[in-house]
Each structure stands twice: as C-alpha cells, then as structure tokens.
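Engineer: Just the structure for this:
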Amino acid sequence: MKSIKLIKNRSDIGAGTRGSDLGIDALEIAAINNNSSYFIDHEYIEVATDNESIYNKVKAKTAKRIQFVLEQCTRVWEAVHQALEGNNFPIVLSGDHSSALGTISGVKSKFKNQQLGVVWIDAHADLHSPYTTPSGNVHGMPLAAALGNNNLSHKTNNVSEQTAKIWEAMKNIGSISPKIKPEHLIFFGVRDTEIPEDDQIKKLNIKNYTVAEMRFRSFETCLKEAIEKLNDCEVIYISFDVDSLDCDLVSSGTGTPVSKGFDPDEVVKIINTFLATKKVQGLEVTEINPLLDKKGNKMAETAFYVLNEVTNFYTKKCSS
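Structural biologist: Okay, here's the model as predicted:
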C-alpha cells in the first residue's frame, strides 16, 4: 500500500507577484481552523528554495530568474522521484506553477519507459517559452518545457545565449525531452490565454474542456471521454492550479485570478475521477497567494477542502 508523501515547495520565484510562497502556511492554517490533523497525519519533506533571489536585479527579461527556477525544478524532480522510489504517492504543494516541470520530470524519470498523461486544471495554458512570453514570468512556461516546444513560429523576443542555454537545460531535466506528447495533455478550465498559446493548442490538437462545455455536456460525459483520450498512458500526473476556480465565487487569493471558473466540488470530481483509474502517480496543488485574498484565508480554505477530499478518496479507493 502506498503512503501519502507531502512535498512542500515554497518557491514563488517563477511568478510575477510575491506571496504564493506563503500558500502552504495558509493551507496549514486552514487545516488547523478546520480541526484537521492532515499535516500531522502525512509525512512530508521541505524542498529548499531560492526565494531570496527575488531581491537580485533581473537580467533575463524574457525569463526572469530562470537560473533559479531551473535549480528549483531540479530539486522538485529529485524529491518526487525519491518519493516514488520509496513507494509513496507524492502530493506536491507548490508556491508558483513553474515547478510543475520538476514534478512532471520526477514522475517521468521514475516511469521513463511508460507514456505519461498530464491533467492540467488551470485557467492558463502555461505554454509560453522565453521566445513568446509577454511577461517573462516562468510560471507561464512549464508545459512548453515539458513538451520540448519553443513555439518559434510566434517568436517575439530576442533571447540571450545564456537564457537559451538554461531553457534547454530546463527542457532536459532528468535527461528526458520531451517528457510528454501533446495528445497526452488535457486541459480543464483554461480560459485566459494569449495568441501564441491559442495557436499551439490548435496546432498540437490539445483538448481543453472548458467550464461551460463540461456543464453543458455533463461532467460524466466529458470525464469519460478524457479518460479514453489517455488510454495509451500508463501513468498520469494531475496539476491543480487554484486559479481554475471561479474567483468571483471563491476568492481572488491567487496571482492571476480569472472569473467563470469551476466550483470546488467540480474540481474534486475531476481529480477523483482520474484517481479512480489508479494510473495517477502524482498530484500538485499550486498558486495560493494569501496576500491577495480579500476574503481572509478563503482561497486556502477552499484549496484545503479540495486537497482533503481527494486525499481521503485516494486513501480509501486507490492506495493499494
């Protein structure tokens, strides 16, 4: 039987706004206020960070602090790989979403000869590269790196030789690139994208189940279809960015809140449906920013509700 291993990654250097490094503390406070022993019941490890690098002058405008993001993703890769080697189920609690590349790398390096499917529950596609990014924030790039795709047909930025070299190293974490195939990536709730990402989604034929589509066609129908799309994948990783939630309904306590998202129970349904396949080998929860929460600790409380629900489901139904 697999045990839950929490991987606490407090890094927020890939984001454009400070504060998501406090997301794990906010989750723990939510658990305490809910009289939950969640963070006592499960073993955990703390991943070292370079958050102090935020004070350094930004040199690479097209990929801010990319050298530190590479180091962070490498640490997360190692932590996830070790957890899986120890027959644990890793739940990665991250500050910003850039480190999802590390989680994907860790899962892929453990199951290098198997097809990896990625379930990306997010308001954003995160398909930018240093060549296309309008912001330079690396939390918008993890899937481009995992796909090994620069999207040079939409190149708008001149990238320095040093940044290009580090970007190539990011794509090759774990000595595997690409780590996933486009047909093995499924979006849920993506609704805030730029033209280079829209073109990639269309060109690579990446399926995006919008909130409206899932409510119109029914979650059961869409999720059954999504599972069939990942039939060829022996292993699945799920990433849950809290900005996939409806910020008007829940909270604006995340770096890039977007309206018209999922409600918490809808996210639980998506995650648990994939967990029930028993193919899932890693889960990530990311981008909680309590400094931006105008409703107290509402975003973390909501994220903890989701986390607790899916963890209980996994423990009862999927861990053996």
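Engineer: And the strands in the stretch 51-200 of the chain?
Structural biologist: 88-94, 116-121, 185-188 (DSSP state E, counting those that start in this stretch).
Engineer: what lines up beside the longest one in the sheet?
Structural biologist: Looking back up the chat, that one is strand 88-94. Here strand 88-94 has these sheet partners by DSSP bridges: strand 3-9 (parallel), strand 280-286 (parallel).
Engineer: for the first one, which positions count as buried?
Structural biologist: In other words, strand 3-9. Buried residues in strand 3-9, counted by 16 or more other Cβ atoms under 10 Å: 4-9. (Glycine included, C-beta is placed from N, CA and C.)
Engineer: From residue 130, how far off is the most far-flung residue of the chain relative to its centre?
Structural biologist: Farthest-out residue of the chain from its mean C-alpha position, per Cα atoms, centre = their mean: residue 161, at 27.8 Å. Residue 161 sits 12 Å away from residue 130, going by Cβ to Cβ, to the nearest Å.
Engineer: Could you report the separation of the residue nearest the centre of the chain from residue 164?
Structural biologist: The centre of the chain sits closest to residue 239, judged by Cα atoms, centre = their mean, with a distance of 3.9 Å. Per Cβ to Cβ, residue 239 is found 26 Å from residue 164.
Engineer: repeat for residue 275
Structural biologist: Distance from residue 275 to residue 164, by Cβ to Cβ: 38 Å.
Engineer: residues near residue 229, how many?
Structural biologist: 15 (other Cβ atoms under 10 Å).
Engineer: If you could redo that for residue 114, that was the one I meant.
Structural biologist: Neighbour tally, residue 114, other Cβ under 10 Å: 15.
Engineer: same thing with the one 10 residues further on?
Structural biologist: When neighbours are counted by other Cβ under 10 Å, residue 124 registers 25.
Engineer: and if you look at residue 250?
Structural biologist: Residues lying near residue 250 (other Cβ under 10 Å) number 23.
Engineer: doesn't residue 301 make contact with it?
Structural biologist: No. When contacts are counted by Cβ atoms under 8 Å, residue 250 is not listed as touching residue 301 (9.3 Å).
Engineer: hmm, who's touching stretch 31-49?
Structural biologist: 3-11, 13, 21, 27-28, 72, 75-76, 79, 83, 88, 91, 95, 297, 301, 304, 307-308, 311 (Cβ atoms under 8 Å, 6 or more residues apart in numbering).
Engineer: quick one: low-confidence parts of the stretch 51-200 of the chain?
Structural biologist: Within the stretch 51-200 of the chain, not a single segment meets pLDDT under 70.
Engineer: hmm, 80 instead?
Structural biologist: 54, 56-60 (pLDDT under 80).
Engineer: what do you get for the stretch 201-320 of the chain?
Structural biologist: Checking the stretch 201-320 of the chain against pLDDT under 80 turns up 319-320.
Engineer: which residues in it form helices?
Structural biologist: Along the stretch 201-320 of the chain, counting by DSSP state H, counting those that start in this stretch, helices occupy 211-217, 219-229, 264-275, 298-317.
Engineer: For residue 183, find the nearest of these.
Structural biologist: Smallest distance to residue 183 across those (Cβ to Cβ): 7.5 Å, for helix 219-229.
Engineer: Which residue, other than its chain neighbours, is closest to residue 246?
Structural biologist: Sequence neighbours aside, residue 261 is the residue nearest to residue 246 in space, at 3.9 Å (criterion: Cβ to Cβ, 6 or more residues apart in numbering).
Engineer: these two touch, right, that neighbour and residue 243?
Structural biologist: Yes. In this structure residue 261 lies within contact range of residue 243 using Cβ under 8 Å: 7.3 Å.
Engineer: Pick out whichever of the two has more residues nearby.
Structural biologist: residue 243 (29 against 24).
Engineer: Would you mind measuring from that one to residue 76?
Structural biologist: 20 Å.
Engineer: and what of residue 143?
Structural biologist: From residue 143 to residue 76 the distance is 15 Å (Cβ to Cβ).
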